[in-house]
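>>> here is my input; please provide its structure:
(one chain, ligands or ions: 1)
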Amino acid sequence: MNFHSVHKHILKYFVPLVLLALVASARASEKIDVKTIRYWSSPGYTRIVVDLSGSVEFSTNRLSDPDRIYFDLRNSRLTKEIKTTLPVGDGLLKAVRAGQFDAQTVRVVLDLEKIKDFNTFILDSPTRLVIDVNGVEVPKKPETPVVRRRIVIDPGHGGHDPGAIGPSGLYEKDVVLDIALKVKEILTADPLNEVFLTRETDRFISLEERTAIANRKNADFFVSIHANANPVRRVKGIETYLLNWTNDEEAMRVAARENRISLKKMREMNRKMDTLGMILNDLSRCNKRDESIKLANYIQRSMISTLNNERNLNSVDLGVKQALFYVLFGAKMPSVLVEVSFISNPQEEQLLSNESYRRQIAKAIAKGLDTYTNPTPAIQKVAGL
Ligand SMILES: [Zn+2]
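Numbering: from 1, shown residues only. I've put the predicted structure just below:
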């Protein structure tokens, strides 16, 4: 590195650092509110979400006698409305408690029953601390001859969140709900499939709850269904994502929109994940990376071939990609997010508003899942294919 590049390097980082320091000092007096604590529990898994008014630094520690984990949230205070004790009693946790530990610190305590391990991460806009607690695995009962597949399908958005809106007013939330209902109908024709939807009606459900549902159901697969959007209306095609770090600007843009955070936040998160390789390892370990890649490829190929062969559509194959989607964080099974077409493209919006196109997409997703579980000839097994 020559002098000039060192000089430029320093300049580049010096300016933002000064700004950061200013922002930090302005915020130091402003405490972060700890607003609510929510949780979803099941015998083997509990997800706890602490809702905050902004980003916090936190530390965590495990203490014994009685066994407990605590999280100290710096520069924060409890709001008056918060329920500070939540009895859980699910075999993993006895309770979750929160208290003002000192003038600067809110302490959230998990009183433990019996757990294997836990994972923590922060999601933005609004800020929330997510704690995933895993139970000790119970040895499985001797295998029954019939192997059922449990699939959780997640239609994106809903309720007050319409998702992307097409040029002639079509809502992503409506399109993806209809496709998800059709996937369920097609898959349940096979008695070996057990299918759950994260929502079956037009209602809002947070991203972290969707993953919690899949984990609580002990699903074998998790498929989140979305329609894509781009400010450039001619952009079209089909792509399937799995959870991972990315440096692809376009993939980051898609994930930012689906996470409902700014592109700037998205870039920041990618940078953090890059430096904190550990978090990423955790994510991939939980997320069954190899299986997710395989699943994404089967679904993507199935969509392209179904639409192109059966409709002569010449759909654009944008391929399998990766990005940091909140809805896939902490999912314990092979999980993917499908962007079925661009609702922002007038032609594809027209197609998406068409019942038979939506059915074909649903059939293609079902076929992709089926090919994953039966890679040998049984592609014909799914009803109607
Ligand atoms: Zn979406």
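>>> ok, residues contacting stretch 90-97?
Residues from elsewhere that reach stretch 90-97 (C-beta atoms under 8 Å, 6 or more residues apart in numbering): 37, 39, 41-46, 48, 84-89, 108-115, 133-135. Every residue, glycine included, has its C-beta placed from N, CA and C.
>>> now that stretch: average pLDDT?
Stretch 90-97 carries an average pLDDT of 95.
>>> just name the shakiest helix or strand of the chain by mean pLDDT.
helix 3-28 (a mean of 38; mean pLDDT, DSSP states H and E).
>>> which SSE is immediately downstream of that one?
strand 32-42 (DSSP states H and E).
>>> what kind of secondary structure is the residue in the stretch 151-300 of the chain positioned nearest to the ion in?
Residue nearest to the ion within the stretch 151-300 of the chain: H226 (3.4 Å; C-beta to the ion). Under DSSP: H, G, I helix; E, B strand; the rest coil, the three-state class of H226 is strand.
>>> pretty sure E194 sits against I153.
No - with contact defined as C-beta atoms under 8 Å, E194 does not reach I153; the gap is 11.4 Å.
>>> so for the two, which sits in the more crowded spot?
Shown here are E194 and I153; by other C-beta atoms under 10 Å, I153 has more neighbours (29 against 16).
>>> which element is the more buried one on?
Here I153 is assigned to strand 149-155, by DSSP H and E.
>>> elements contacting the next helix-or-strand element following that strand?
Of the helices and strands lying after strand 149-155 in sequence (DSSP H and E), the nearest is helix 172-187. When contacts are defined as 3 or more C-beta pairs under 8 Å, 6 or more residues apart in numbering; DSSP states H and E, helix 172-187 packs onto strand 149-155, strand 193-197, strand 221-228, strand 335-342, helix 355-373.
>>> can you lay out these as TSV showing mean pLDDT?
What follows is the helices and strands packed on helix 172-187, written out as TSV (pLDDT from 0 to 100):
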stretch	mean pLDDT
strand 149-155	97
strand 193-197	97
strand 221-228	98
strand 335-342	98
helix 355-373	95
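>>> what angle do helix 355-373 and the strand holding I153 make with each other?
140 degrees (axes from the mean of the first three to the mean of the last three C-alpha atoms, to 10 degrees).
>>> check contacts around the most centrally placed residue in the chain.
Nearest to the geometric centre of the chain sits V327, at 1.2 Å (C-alpha atoms, centre = their mean). By C-beta under 8 Å, 6+ apart, the contact set of V327 is 154, 156, 207, 210-211, 224, 258-259, 337.
>>> so how many other residues sit close to the residue lying closest to it once chain neighbours are set aside?
The shortest distance from V327 to any non-neighbouring residue, by C-beta to C-beta, 6 or more residues apart in numbering, is to L207 (4.5 Å). Residues contacting L207 under the criterion other C-beta under 10 Å number 23.
>>> before we move on, what about G158?
Quick note: G158 (other C-beta under 10 Å) scores 21 neighbours.
>>> that one pairs with what?
D161 (DSSP bridges).
>>> pLDDT on stretch 178-190, on average?
97.
>>> what about that stretch, distance to the chain center?
21 Å (C-alpha atoms, centre = their mean, to the nearest Å).
>>> list of residues touching it?
151, 153-155, 193-195, 197, 200, 223, 225, 340, 355, 358-359, 361-363, 365-366, 369-370, 381-384.
>>> now those residues: which count as buried?
Burial by neighbour count, 16 or more other C-beta atoms under 10 Å: within the contacts of stretch 178-190 this picks out 151, 153-155, 193-195, 197, 223, 225, 340, 358-359, 361-363, 365-366, 369-370, 381-382.
>>> for the residue in the stretch 1-150 of the chain that the ion sits nearest to, phi and psi?
Nearest residue of the stretch 1-150 of the chain to the ion: S125, at 15.0 Å (C-beta to the ion). Phi and psi for S125, reported as degrees, to the nearest 10, are phi 50, psi 70.
>>> please name the nearest non-neighbouring residue to it.
I261 is the one closest to S125 (C-beta to C-beta, 6+ apart), at 4.5 Å.
>>> OK, contacts around the one you found?
If you count contacts by C-beta under 8 Å, 6+ apart, then I261 has 124-125, 269 around it.
>>> close to the ion: what parts of this structure are there?
Residues of the chain lying close to the ion by C-beta under 5 Å from the ion are 156, 163, 226, 258.
>>> contact partners for the second one?
Contacts of G163 were listed using C-beta under 8 Å, 6+ apart, and they are 156-157, 171-173, 176, 226-227, 343.
>>> not counting sequence-adjacent ones, nearest residue to it?
Nearest one to G163, counting by C-beta to C-beta, 6+ apart, is E172 at 3.0 Å.
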